[in-house]
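> quick one: sequence and predicted model below, then my questions.
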Amino acid sequence: MTERKPPGVDVESWVDKQIREATERGEFRNLSGFGKPLPDDTAPYDELWWVKGKMHREGIAPVLPPALALRKEAEDAREAAGRAASEAAVRRIVADINEKIAEALRRPPAGPPLRLTPFDAEELVRQWRSRR
């Protein structure tokens, strides 16, 4: 649409005219998604739907504040320790995450409070043994 609405013309009729003329020129043929079903409309409305879709299409992961990223990493480490193949693997996983937690406690990262303490390696090994 390159032209401006002329003064004194009703907006609705002007828009309708633009659409009709574009249709007659065939500008709405071969649009991507033509004839395909609309995406799921039962999901609750999200104001950031377009941004999230773009990030997904581009393969961009959302960036968490360092404190939340460490909390997530600690949660993942606990799960990984539960799935570990050996007691040594459990201890290695716990030692790695405990080192990161200790560093974060020495120099708190930006963002929300960390609210993490180092894991008790012996307790996680005990839990690991009980699942075996």
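Perfect, I can see it now. The model shown is predicted, which means the values in this text are computed figures rather than measured ones.
> ok, Ala110 - contacts?
65-67 (Cβ atoms under 8 Å, 6 or more residues apart in numbering). C-betas here are computed from N, CA, C, even on glycine.
> top of those by neighbour count?
Highest neighbour count within the contacts of Ala110, by other Cβ atoms under 10 Å: Ala67, with 18 neighbours.
> grab the nearest non-local neighbour of it.
Gly111 (4.1 Å; Cβ to Cβ, 6 or more residues apart in numbering).
> quick one: the one you found and Val90, what's the gap?
29 Å (Cβ to Cβ, to the nearest Å).
> likewise for Glu47?
From Glu47 over to Val90 (counting by Cβ to Cβ), the distance is 43 Å.
> more neighbours: these two, which one.
Val90 (22 against 7).
> give the buried residues for the helix or strand in which that one is found.
Per DSSP states H and E: Val90 is located in helix 87-106. Buried residues in helix 87-106, counted by 16 or more other Cβ atoms under 10 Å: 90-91, 93-94, 97-98, 101, 104.
> show me which pair in these is furthest apart.
Largest separation among these by Cβ to Cβ: Val90 and Ala104, giving 21.4 Å.
> and the spatially most central residue of the chain, how far is that from Pro108?
Closest to where the C-alpha atoms of the chain average out (Cα atoms, centre = their mean) is Pro62, at 4.6 Å. Using Cβ to Cβ, we find Pro62 at a distance of 22 Å from Pro108.
> OK, contacts around the residue nearest to the centre of the chain?
Met55 are the contacts of Pro62 under Cβ under 8 Å, 6+ apart.
> return the member of the buried residues of helix 87-106 nearest to Gly8.
For the buried residues of helix 87-106, the nearest to Gly8 is Ala104 (66.1 Å; Cβ to Cβ).
> how about the helices in the protein?
For the chain, the helices defined by DSSP state H cover 11-25, 49-58, 66-83, 87-106, 121-131.
> what mean pLDDT does the helix holding Val90 get?
Averaged over helix 87-106, pLDDT sits at 95.
> could you give the angle of that helix to helix 121-131?
Taking axes from the mean of the first three to the mean of the last three Cα atoms, to 10 degrees, helix 87-106 and helix 121-131 form an angle of 140 degrees between their directions.
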